[in-house]
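Novice: Here is the input, now give the coordinates:
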Amino acid sequence: MKYISTRGGIEPIKFTQAVMMGLARDGGLLLPETLPVVDEDTQNKWKDLCYPDLAFEVMKLFISDIPEETLKHLINISYAVFDTKEVTPVIDLKDFYLLELFHGPTLAFKDIALQLLGNLFEYLLAKQDKKMNILGATSGDTGSAAIYGVKGRKNINIFILHPHGRVSPIQALQMTTVSENNVFNIAIEGTFDDCQAIVKAIFSDLNFKDKYQLGAVNSINWARVLAQVVYYVYAYFRVFEQTRQSVIFSVPTGNFGDIFAGYVAKNLLSNKIHKLILATNENDILTRFVCKGEYKLGTVIPTISPSMDIQIASNFERYLYYLYDQDSKKVKDTMLNFSKTGYITFSEDEQRKTKLDFLSASINQTETINTIKEVYDKTGYIVDPHTAVGICAVKKLKSNLADTPVICLATAHPAKFPDAVKKAIGKDPERPKALKDLDKKEQRLKILPADISKVKDYISKNALI
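Specialist: Reported below is the predicted structural model:
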């Protein structure tokens, strides 16, 4: 399997090269040359596999340049740190199924990809006798998951940008209380979109990228998306075993990475995933794309689901590549024009194609709080505000779902968002061990303006060379 850019400006490369490159050198995003599809016989062989074994079977379809025994070992050690052998359990709440994605070290779905990515980086750097400076931006959970994936590892420094004061207090503490010397937290005076724009601009400066051997952990890194494909396949098999039906997934998303992994899984399973519900909060650029055929920048609205407070969805370009029938020139021209105008429109045919895969709804903060309360009152189960956005979207779209089983992604532990939970149910969620006493630890961070040159200067002073 080789990898290409959405913008068509690079020669095909191997998976290990794609992992280390992160953002394609032409400014595009990396994708496999073809998306695999597995037949019924293969699916029957997969359906009873444990999570690490299924991850191996799925990933080896996309990875041809890591020995199979090595790949299996990397997968096994990545998921051995989770607090359940199932890794991503599926819970039946009667009205819908819940896919719990918060059993990793930082209690968020990002751990599933970033534990693996940290091990991949360490393996490849040792093999190539190289050093790496990881650069990423976070709207909340990516940062801590990335830090926990690489903290203390040899030959790696990590620089994570987050919007100062715009992530939850616990999310900030999870990042800034890590004491390892290879971890650098940068609090940007701005929004997540500012952080993301700075990271993309720095990666686009190829001389700077090469000099400081920059690597990506955001979902611009294909390995992130690939790792997330697995839990869609795993959850489908768990629910199919009970219902013998195709399924719908509801995905709270702001950056389009998680739901794009669902799109890849939908293709992989020959459309056994019937639809993907794209659930947004008031930052609804993606909902407007699905429902109205427009992708138009607005102003970022701070909400109680802060990981979704995003206007520019960095993974959207990957989906555009397929929506445009793999026309890389059209993708490139569209994205360059978008960078100038902040606006993309879509034809009726493109809107029709989009609706074959996606449904969408935007959920406001009152609806989010009410959903947390409703789920708790009915089941005793506490969900975080991001998960609640996905659940509420199912309720809004119910008339479009017939009797198809729905799996809602539970993307974070509710204890990471105690203020929203308490507002909804009148009490704090119980804090797991991983979150206790964080506020008593010393914090380490650097506050910087949303200025590319200032961030570059800080990186150059602290990078491994």
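
Novice: Going by C-alpha atoms from here, please, whenever you check contacts or count neighbours.
Specialist: Fine.

Novice: and I369, how far is that from P252?
Specialist: 15 Å (CA to CA, to the nearest Å).

Novice: The two - which one has more neighbours?
Specialist: Counted by other CA atoms under 10 Å, I369 and P252 do not tie: P252 has more neighbours, with 34 against 22.

Novice: Hmm, T177 and E442 touching each other?
Specialist: Yes - using CA atoms under 8 Å, E442 is in contact with T177, at 5.8 Å.

Novice: More neighbours: which of those two?
Specialist: T177 (19 against 11).

Novice: Sketch out the low-pLDDT regions of this protein for me.
Specialist: Of all residues in the chain, none has pLDDT under 70.

Novice: need the helices for the stretch 151-300 of the chain, in chain order.
Specialist: Applying DSSP state H, counting those that start in this stretch to the stretch 151-300 of the chain gives helices spanning 169-176, 192-204, 206-211, 222-243, 257-268, 285-292.

Novice: out of those, which comes closest to Y123?
Specialist: Set against Y123 and scored by CA to CA, those come closest in helix 222-243, at 13.9 Å.

Novice: And that closest one, what does it pack against?
Specialist: When contacts are defined as 3 or more CA pairs under 8 Å, 6 or more residues apart in numbering; DSSP states H and E, helix 222-243 packs onto helix 15-21, helix 51-60, strand 90-92, helix 110-128, strand 247-252, helix 257-268.

Novice: Which residues does the first one contact?
Specialist: The set of residues external to helix 15-21 that reach it, using CA atoms under 8 Å, 6 or more residues apart in numbering, is 1-3, 24, 30, 62-66, 121, 124, 215-216, 221-223.

Novice: starting at the chain centroid, how far to that helix?
Specialist: 18 Å (CA atoms, centre = their mean, to the nearest Å).

Novice: do the longest one as well
Specialist: Distance of helix 110-128 from its chain centroid, counting by CA atoms, centre = their mean, is 16 Å.

Novice: these two touch, right, G190 and I447?
Specialist: No - with contact defined as CA under 8 Å, G190 and I447 do not form a contacting pair (10.6 Å).

Novice: which residues do those two both contact?
Specialist: Common neighbours of G190 and I447 (CA under 8 Å, 6+ apart) are H164.

Novice: wouldn't V38 be in contact with L268 here?
Specialist: Yes - at 5.8 Å, V38 counts as touching L268 under the criterion of CA under 8 Å.

Novice: Between the two, tell me which one has more neighbours.
Specialist: Comparing V38 with L268 by other CA under 10 Å, the one with more neighbours is L268, at 20 against 13.

Novice: Report the contact partners of that one.
Specialist: L35, P36, V37, V38.

Novice: at 10 Å what do you get?
Specialist: Taking CA atoms under 10 Å, 6 or more residues apart in numbering, we find L268 in contact with L35, P36, V37, V38, D39, Q43, V58, V229, V233, G262.
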